[in-house]
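> what's the 3D shape of this:
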Amino acid sequence: MALGSGPLAHAIAAHPGYRWGAAFAVLLGLPLSISNGYQQYLLDLIMINIVLAVGLNIVKGFAGQVNVGHVALAAIGAYTSAVLSTKFGLPFWFALPFATLATGVVGAVVGVPSFRLEGAYLALATLGLAESVRIFISVTDYLGASVGYGDIPPPIIGGWRLDGYAAYYYVVMPIAVVGTYIAFSILNSDVGRAFKAIREDTLAAAASGIDVRKYKLLAFVISALYAGCAGSLAAHIAPGFIHPDPHDHRDPDGRRRRAGSCLGRRDRRDNDHARRRVDPLLLPIRVHYFRPDRRVDDDVHAARHRRLHRPAARHSPLRRAPDGQGRRQGRMSALLEIAGLSKRFGGLVALSNVALTVGEGEVRGVIGPNGSGKSTLFNLVTGVYSADPGSLVRFRGEDITNREPHEISRLGLARTFQLLRIFAEMTVIENLLVGCHRQVEYPVGAALFGSARVRAEERRLRAEMLDLLDFIGLADFAEMPAGELSIGQRRLLALGRAMAMKPVLLMLDEPAAGLSPINVDKLLETVLALKARYGLTVIVVEHVMKLVMASCDVVTVLDHGEKIAEGAPDAIRDDHRVIEAYLGKEMKDAEVRAFLRSA
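Prediction:
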């Protein structure tokens with residue numbers, strides 16, 4: 001039986017481990033087909049650049065942090081390994097991990113500015129690091145200064161010096177393969193989803209329970225470890241010479257090589273292949289920033305862009321229960337308590353001394369004209385804004401005033417946003433899996449190697465999210481990029497992601513905004529079904545009165561940052577203060593009541 005159609009071929013195609021093994025076998029035999037020394041040297045540089053580029057892709061491609069100083073981290077790894085090998089006599093096998101870890105520590109320091117800087121500002125900060133490292137090395141005699149640092153020994157195994165390019169390939173190639181495997185393991189784990197969520201929307205990521213600072217720092221550290229490893233590997237490749245200025249190369253004998261050699265251009269003055277070098281620390285940087293929008297996971301999304309042909313969810317329509325049925329009976333214990341909540345933006349009072357108590361199992365509506373402070377109320381409760389002194393917010397008996405959003409969400413509070421904040425470049429099911437972040441039971445270290453525990457946990461979470469997608473009617477779009485959904489489907493996806501967090505309290509900020517009447521009815525049915533299924537407490541800010549009157553037990557009304565009314569929907573509908581807040585005093589009461597009842 002032919003291999004292409006036999007069981008072995010099917011096994012290799014079906015199991016990721018077999019595919020990695022097949023690729024590794026091909027790489028093992030690759031040097032045997034090359035007899036030219038220069039080509040073998042380039043093959044070594046390709047492997048080193050793979051390590052460097054994969055590390056850069058983790059911080060820039062996965063996490064979206066612009067680190068222009070990646071090459072400086074590689075230089076730190078290179079010089080650290082070189083000094084340990086030449087000054088302290090450490091063998092390569094000790095210098096490599098030590099240099100890698102030392103660079104990781106520097107990467108943690110470099111990642112601190114990302115807590116407050118983004119985009120071009122972070123790029124400038126990391127560019128300053130790159131230039132500082134270059135200048136420091138250039139003026140430090142201990143590191144060879146501007147002359148360069150030479151006589152770096154190659155690896156030695158059992159007395160055999162791996163100073164040949166073909167022999168050195170079998171040092172760098174396994175490291176490149178393992179580094180690439182770790183990157184793919186990260187991408188397909190909760191850590192990778194956290195990185196991509198931060199890349200697309202830090203606020204939505206934090207609201208989903210992701211500690212944004214922690215994962216930004218983690219991305220910088222992992223990327224720095226890759227850079228330090230690549231730098232160390234580049235330092236020990238023959239002839240064992242490194243230089244701080246990639247545009248001013250000199251060999252150990254002092255001969256200058258042209259700047260073009262950093263792009264692989266051949267130096268016509270010297271035909272020795274050892275003089276024709278591709279700078280191992282520049283090529284991936286140049287390529288990456290020439291196409292900054294290109295990421296490794298773009299191709300992954302393209303390959304996975306397909307629909308699951310599953311039957312659409314079928315649920316019986318849910319209608320409003322008659323008065324007194326299906327509503328909260330009696331007073332439940334307080335789940336959310338707000339007292340004296342205020343917020344000023346300069347001279348503008350957005351919220352002033354607001355107090356309300358929401359009981360367990362209650363559906364609370366918050367309404368009011370535009371600019372009345374409804375979204376500000378949500379942002380203060382969920383930690384997006386810092387409340388003014390004297391404010392108090394308690395959730396489940398715990399003071400959460402001015403806590404971080406991810407800390408609040410981990411207590412069981414989930415929210416949606418008035419302006420949709422979905423992760424458009426991630427698939428629909430990945431959006432829901434981001435909401436599962438606080439439920440993941442495996443540690444970060446396990447995610448790096450894609451252990452059996454990680455795979456089992458991912459299968460469990462995925463099955464749960466497919467069930468939730470089926471419940472909200474989006475199962476057919478599970479593998480579609482979320483950015484391709486309609487506005488109504490995006491609203492349902494945002495609701496689903498909040499439900500994936502398994503909250504105790506669900507806060508919906510204008511969930512019906514921009515929806516057609518048919519989609520409003522569907523949203524109402526979904527919200528009531530979720531409440532019945534999970535026993536949720538819900539707070540909803542909404543302008544669509546049909547949704548508020550049909551779903552809420554109690555309605556709170558805000559106007560100009562103050563609470564002006566609170567009570568049952570029927571009482572609020574006839575309240576003169578509410579009517580004046582919405583429509584002014586000049587309209588007749590009969591006209592107003594007719595308008596509100598028709599809504």
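> please make it C-alpha for all contacts and neighbour counts, starting now.
Noted.
> and residue 141, how many residues sit next to it?
Residues near residue 141, counting by other Cα atoms under 10 Å, number 13.
> likewise for residue 378?
22.
> secondary structure class for it?
Under DSSP: H, G, I helix; E, B strand; the rest coil, the three-state class of residue 378 is helix.
> list the residues that contact it.
By Cα atoms under 8 Å, 6 or more residues apart in numbering, the residues touching residue 378 are 507, 509.
> in which helix or strand would I find the residue nearest to residue 226 when sequence neighbours are not counted?
Nearest residue to residue 226 in three dimensions, chain neighbours excluded: residue 55, at 4.9 Å (Cα to Cα, 6 or more residues apart in numbering). Per DSSP states H and E: residue 55 is located in helix 37-56.
> and for residue 507?
Assigned by DSSP H and E, residue 507 falls in strand 505-509.
> and residue 445, by the same measure?
Counting by DSSP H and E, residue 445 is part of helix 444-447.
> got the buried residues for that helix?
residue 447 (16 or more other Cα atoms under 10 Å).
> for that helix, name the packing helices and strands.
Under the contact criterion of 3 or more Cα pairs under 8 Å, 6 or more residues apart in numbering; DSSP states H and E, helix 444-447 touches helix 190-200, helix 452-472.
> among those helices, which is the most enclosed?
helix 190-200 (a mean of 25; mean count of other Cα atoms under 10 Å).
> now the angle from that one to helix 452-472?
50 degrees (axes from the mean of the first three to the mean of the last three Cα atoms, to 10 degrees).
> contacts for helix 190-200, please.
Contacts to helix 190-200, defined as Cα under 8 Å, 6+ apart, come from residues 62-65, 186-187, 204-205, 210, 212, 215-216, 219, 423-426, 430, 433-434, 437, 440, 444, 447.
> straight-line length of stretch 100-119, end to end?
Start-to-end span of stretch 100-119 (Cα to Cα, to the nearest Å) is 27 Å.
> check the offset of that stretch from the chain's centre.
16 Å (Cα atoms, centre = their mean, to the nearest Å).
> then stretch 163-178?
In terms of Cα atoms, centre = their mean, the centre of stretch 163-178 is found 32 Å from the chain centre.
> can I see the domain layout of this protein?
Domain ranges of the chain: 37-178+217-303, 354-422+486-599, per automatic domain parsing.
> longest single helix anywhere in the protein?
Longest helix in the chain by number of residues, with DSSP state H as the criterion: helix 212-236.
> and that helix with helix 37-56, angle?
170 degrees.
> re the thing from before, buried subset of the contacts of helix 190-200, written for ChimeraX?
In ChimeraX syntax, the buried subset of the contacts of helix 190-200 is picked out as below (16+ other Cα under 10 Å):
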select :62,63,64,65,186,187,204,205,210,212,215,216,219,423,424,425,426,430,433,434,437,440,447
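> so of the contacts of helix 190-200, which ones are in strands?
Among the contacts of helix 190-200, no residue falls in strands (DSSP state E).
> any idea what the residue lying closest to residue 568 once chain neighbours are set aside is bridged to?
Closest residue to residue 568 apart from its sequence neighbours, by Cα to Cα, 6+ apart: residue 554 at 4.8 Å. Per DSSP bridges, the residues bridged to residue 554 are residue 364.
> contacts only, for residue 554.
362, 363, 364, 365, 566, 567, 568, 569.
> my read: the third one touches residue 547, true?
Looking back up the chat, that one is residue 364. No. Look at residue 364 against residue 547 with Cα atoms under 8 Å: they stay out of range, at 11.7 Å.
> of these two, which one has the most company?
Between residue 364 and residue 547, counted using other Cα under 10 Å, residue 364 has the larger neighbour count: 25 against 22.
> my read: residue 524 touches residue 547, true?
Yes. Counting by Cα under 8 Å, residue 524 does reach residue 547; the two are 6.2 Å apart.
> which residues touch residue 487?
Counting by Cα under 8 Å, 6+ apart, the residues that residue 487 touches are 514, 515.
> please apply the same query to the one 3 residues further on.
Taking Cα under 8 Å, 6+ apart as the criterion, residue 490 is in contact with 420, 422, 482.
> check residue 548 too.
365, 540, 542, 555, 569.
> how about these in CSV, adding distance to residue 237?
Output for the contacts of residue 548, formatted as CSV (distance: Cα to Cα, whole Å):
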residue, distance to residue 237
365, 67
540, 63
542, 65
555, 71
569, 76
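> quick revisit: for the longest helix of the chain, buried residues please.
212-213, 215-236.
> all strands of the stretch 451-599 of the chain, in order?
In the stretch 451-599 of the chain, the strands defined using DSSP state E, counting those that start in this stretch lie at 505-509, 537-541, 554-559, 562-567.
> with the stretch 51-200 of the chain instead?
156-157, 160-161.
> assign residue 335 to helix, strand or coil.
State at residue 335, reduced to three classes by three-state DSSP: strand.
> next one, pLDDT for it please.
For residue 335, the model assigns a pLDDT of 92.
> my guess is it contacts residue 397. True?
Yes. Between residue 335 and residue 397 there is a contact under Cα under 8 Å: 7.3 Å.
> what about these two, which has more around it?
Taking other Cα under 10 Å, residue 335 and residue 397 do not tie; residue 335 has more neighbours (19 against 11).
> which residues touch the more buried one?
Counting by Cα under 8 Å, 6+ apart, residue 335 has contacts 357, 358, 359, 360, 395, 396, 397.
> so which of those is the closest to residue 409?
residue 395 (10.7 Å; Cα to Cα).
> phi, psi of the closest one?
phi -130, psi 120 (degrees, to the nearest 10).
> please work out how many residues are found near it.
Number of residues near residue 395 (other Cα under 10 Å) recorded here: 20.
> what of the one 5 residues further on?
By other Cα under 10 Å, the residues close to residue 400 number 20.
> and it, how far is that from residue 385?
12 Å.
> then residue 242?
50 Å.
> comparing those two, which residue is more hemmed in?
When residue 242 and residue 385 are compared on other Cα under 10 Å, the one with more neighbours turns out to be residue 242, at 29 against 18.
> wait, isn't that one in contact with residue 232?
No. Contact criterion Cα under 8 Å: residue 242 and residue 232 do not qualify, at 10.3 Å.
> joint contacts of the two?
With Cα under 8 Å, 6+ apart, residue 242 and residue 232 have common neighbours 78, 79.
> before we move on, back to that, could you dump the strands of the stretch 451-599 of the chain into JSON lines and include distance to residue 97?
Shown next, in JSON lines, are these (distance: least, Cα to Cα, whole Å):
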{"stretch": "strand 505-509", "distance to residue 97": "47"}
{"stretch": "strand 537-541", "distance to residue 97": "52"}
{"stretch": "strand 554-559", "distance to residue 97": "60"}
{"stretch": "strand 562-567", "distance to residue 97": "60"}
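> hey, what's in contact with both of residue 364 and residue 547?
Counting by Cα under 8 Å, 6+ apart, no residue touches both residue 364 and residue 547.
> low pLDDT regions in the chain?
1-17, 20, 246-332, 583-599 (pLDDT under 70).
> still on that earlier bit, now tabulate the strands of the stretch 51-200 of the chain in CSV and tack on distance to residue 77 and mean neighbour count.
Shown next, in CSV, are the strands of the stretch 51-200 of the chain (distance: least, Cα to Cα, whole Å; neighbours: other Cα atoms under 10 Å):
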stretch, distance to residue 77, mean neighbour count
strand 156-157, 19, 12
strand 160-161, 22, 12
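> kindly reformat those as JSON lines containing distance to residue 113.
Output for those, formatted as JSON lines (distance: least, Cα to Cα, whole Å):
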{"stretch": "strand 156-157", "distance to residue 113": "40"}
{"stretch": "strand 160-161", "distance to residue 113": "42"}
